[in-house]
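I'll drop the sequence and a predicted model, then ask my questions.
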Amino acid sequence: STSAVQAQKKIGNETDEQKAKRMEWWKDARFGMFIHWGLYALPARHEWVKSNEHITNEGYQKYFDQFNPTQFNPKLWAKKAKAAGMKYVVLTTKHHEGFTLFDSKFTDYKATNTLAKRDLVKEFVDAFRAEGLKIGFYYSLIDWHHPDFTVDAYHPLKPANNDENQYLALNKGRNMANYRKYLSNQVNEILTKYGKIDILWLDFSYPGKHGKGKDDWASVDLLKQIRKLQPGIIVDNRLDLDDYADGADFETPEQVSTDALAKFKGKTWETCQTFSGSWGYYRDENTWKTNKQLLNLLITSVANGGNLLLNVGPTAKGEFDNRANTALDSLGIWMHANSSSIYGCTFAPDKYKPTPGTQLTYNKTGKKLYVHLFEYPKDGKIVLDGYGDDVIYAQFLHDNSELLVDKDKSTSGSLVLKLPIQKPNFQIPVIELSLK
Ligand code: FHN
């Protein structure tokens, strides 16, 4: 409603300049790690397994009883994320299953009551902070375990035929006002027990019949509470608040194709993506993105002025599996050589048109333009059309080896660079252009 939107406009009374300052590190970072970890790693067939298979709390209890991540060492996770070139991390402190990785005093359904007997969030925060990454918490608005969370379109107990009478019977005694209090209490816990939290990634609203939106979460009050507890925090746009001018800070296009990212150019956004289809560990899934597809996602996100939040689903033992480690290592090789074409970069001004088969990223200082060679020219030549006169120097980014100009072919406004016929040993080599 308009009043709710107007009310949430009053949050913080932040000026555009203050908001830009608050978000500057996040926009410069460009690349983060998402981590989906919970009891669903035990069945290992998608984090929605409880809803997908209509499993009751009693049926799901065996995962709580078995959860014992003996190999959990977040220091290793943090080193992997850092080596891959990721600057921030977002961990599921609680996903829709309702199980908290943190020691909450408002529930017994928590990691400290399992064989783990550890506050996994505390160890996670310490480890990633020690490696210099900014800390983000994902927190599910949805909770399929809580007795007061009403049965809705996604709930494991949802009546098979959407029968209204069954919904009424199932929801008898469930009280969303109690749930809202629980939600507010746990958000208070995660934002007060672990020091400065840089990002809060709330997930997700689905307003409408048998859905849940801003009134179910009391989104306006919740956002005020969040900003009061952590004034510099960056919050995503999934509280069902219409206007993100003063409410949410960024849009969250999820699992979108690289072609679809262009429509977000000029906005503030982060695309979240998986290596495969599932966010949680999925043992038998074999549709994994190739290294080139992952690099394409990262480069195309920055080339359109956005961030990439790339997800890992650790195993129930507490480890990144080999597929994830291989993907992270290959990203790290490319980032080690080419990260300056990512950090502090955004989309290039219109006058710089990408030549076919390339994508451009542009450092916010305006002094560097990067040409990402998705296709490597067979004749070893690349034409910079329309802005050749702006270029004062050209080199490969990975080894700073100069790229010479084909003076015969270069005309005013264009520049023809001579590349080695043999493509350098990178999936997507990058040319760094120094601009006047
Ligand atoms: O339902 C969740 C899903 O499990 C996952 O957490 C993604 C990540 O953005 N968010 C929701 C689907 O949009």
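Structure's in. What do you need? Because the structure is a prediction, the values reported are computed rather than measured.

which residues sit in contact with whatever residue of the stretch 1-150 of the chain ends up closest to the ligand?
Residue nearest to the ligand within the stretch 1-150 of the chain (Cβ to the nearest ligand atom): residue 47, separated by 4.8 Å. Glycine gets a C-beta too; all of them are placed from N, C-alpha and C. Residues in contact with residue 47 (Cβ atoms under 8 Å, 6 or more residues apart in numbering) are 36, 38, 40, 95, 96, 97, 278, 279, 280, 313.

of all these, which comes closest to residue 355?
residue 279 (36.3 Å; Cβ to Cβ).

gap between the nearest residue to that closest one once chain neighbours are set aside and residue 161?
Among residues not flanking residue 279 along the chain, residue 36 sits closest, at 4.0 Å (Cβ to Cβ, 6 or more residues apart in numbering). According to Cβ to Cβ, to the nearest Å, residue 36 stands 31 Å off from residue 161.

try residue 97
Relative to residue 161, and taking Cβ to Cβ, residue 97 is found at 25 Å.

what does the protein put close to the ligand?
47, 48, 203, 204, 254, 272, 279 (Cβ under 6 Å from any ligand atom).

Drop anything exposed from those.
Buried subset of the residues of the chain next to the ligand (neighbour count, 16 or more other Cβ atoms under 10 Å): 47, 48, 203, 204, 272, 279.

Greatest separation within those: which pair is it?
Maximum distance among those (Cβ to Cβ): 15.5 Å, for 48 and 272.

quick one: low-confidence parts of the protein?
Flagging of the chain using pLDDT under 70 yields the residue ranges 1-12, 242-246.

Report the contact partners of the residue nearest in space to the middle of the chain.
Nearest to the geometric centre of the chain sits residue 309, at 2.8 Å (Cα atoms, centre = their mean). By Cβ under 8 Å, 6+ apart, the contact list for residue 309 reads 32, 33, 34, 90, 270, 271, 272, 273.

and the fifth one, what does it touch?
By Cβ under 8 Å, 6+ apart, the contact set of residue 270 is 32, 236, 250, 251, 252, 301, 306, 307, 308, 309.

in the stretch 251-400 of the chain, which spans are strands?
270-274, 307-312, 345-346, 358-363, 368-373, 381-384, 391-396 (DSSP state E, counting those that start in this stretch).

mind listing the strands for the stretch 101-250 of the chain?
Using DSSP E, counting those that start in this stretch, strands in the stretch 101-250 of the chain cover 134-140, 199-203, 234-235.

As TSV, these with distance to residue 105 would be great.
Output for the strands of the stretch 101-250 of the chain, formatted as TSV (distance: least, Cβ to Cβ, whole Å):
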stretch	distance to residue 105
strand 134-140	16
strand 199-203	20
strand 234-235	24
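
you'd agree residue 426 is up against residue 398?
Yes: assessed by Cβ atoms under 8 Å, residue 426 is found in contact with residue 398 at 5.9 Å.

okay, and the common contacts of those two?
Contacts common to residue 426 and residue 398, judged by Cβ under 8 Å, 6+ apart, are 337, 338.

Residue 288 versus the residue of the stretch 301-436 of the chain found nearest the ligand, what's the distance?
Residue nearest to the ligand within the stretch 301-436 of the chain (Cβ to the nearest ligand atom): residue 311, separated by 7.3 Å. Applying Cβ to Cβ, the value for residue 311 to residue 288 is 12 Å.

list residues touching both of those two?
With Cβ under 8 Å, 6+ apart as the test, residue 311 and residue 288 both reach residue 275.

buried sites along stretch 310-323?
So for stretch 310-323, counting by 16+ other Cβ under 10 Å, buried means 310, 311, 312, 313, 314, 315, 316, 318, 319, 320, 321.

For the third one, which non-adjacent residue is spatially closest?
Which is residue 312. residue 324 (4.9 Å).

wait, doesn't that neighbour sit right on residue 310?
No: Residue 324 is beyond contact range of residue 310, at 9.8 Å (criterion: Cβ under 8 Å).

anything in contact with each of those two?
residue 275.

Let me see the contact set for residue 433.
Residue 433 neighbours (Cβ under 8 Å, 6+ apart): 368, 369, 370, 371, 384, 391, 393, 394.

mind listing the helices in the stretch 151-300 of the chain by residue range?
164-171, 176-190, 214-217, 219-229, 291-303 (DSSP state H, counting those that start in this stretch).

mind putting these in CSV, distance to residue 260 and mean neighbour count included?
What follows is the helices of the stretch 151-300 of the chain, written out as CSV (distance: least, Cβ to Cβ, whole Å; neighbours: other Cβ atoms under 10 Å):
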stretch, distance to residue 260, mean neighbour count
helix 164-171, 35, 14
helix 176-190, 31, 17
helix 214-217, 26, 20
helix 219-229, 27, 19
helix 291-303, 10, 22
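
what would these look like in JSON lines with distance to residue 107?
Compiled in JSON lines, these are given as follows (distance: least, Cβ to Cβ, whole Å):
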{"stretch": "helix 164-171", "distance to residue 107": "20"}
{"stretch": "helix 176-190", "distance to residue 107": "8"}
{"stretch": "helix 214-217", "distance to residue 107": "18"}
{"stretch": "helix 219-229", "distance to residue 107": "18"}
{"stretch": "helix 291-303", "distance to residue 107": "36"}
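
Residue 24: which of those is closest?
Taking the helices of the stretch 151-300 of the chain one by one with Cβ to Cβ, helix 291-303 is closest: 15.4 Å.

and the closest one with strand 358-363, angle?
50 degrees (axes from the mean of the first three to the mean of the last three Cα atoms, to 10 degrees).

these two touch, right, residue 344 and residue 363?
Yes: applying Cβ under 8 Å, one finds residue 344 in contact with residue 363, separated by 5.7 Å.

Go through the contacts of residue 270 and say which is closest to residue 259.
residue 301 (12.4 Å).

and the gap between that closest one and residue 413?
Residue 301 is 29 Å from residue 413, where distance means Cβ to Cβ.

Residue 262 against residue 304, yeah?
Yes: between residue 262 and residue 304 there is a contact at 5.5 Å, judged by Cβ under 8 Å.

quick one on the thing from earlier: now a ChimeraX select for only the buried ones of the contacts of residue 433.
Restricted to buried positions by 16+ other Cβ under 10 Å, the ChimeraX selection for those reads:
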select :368,369,370,371,384,391,394
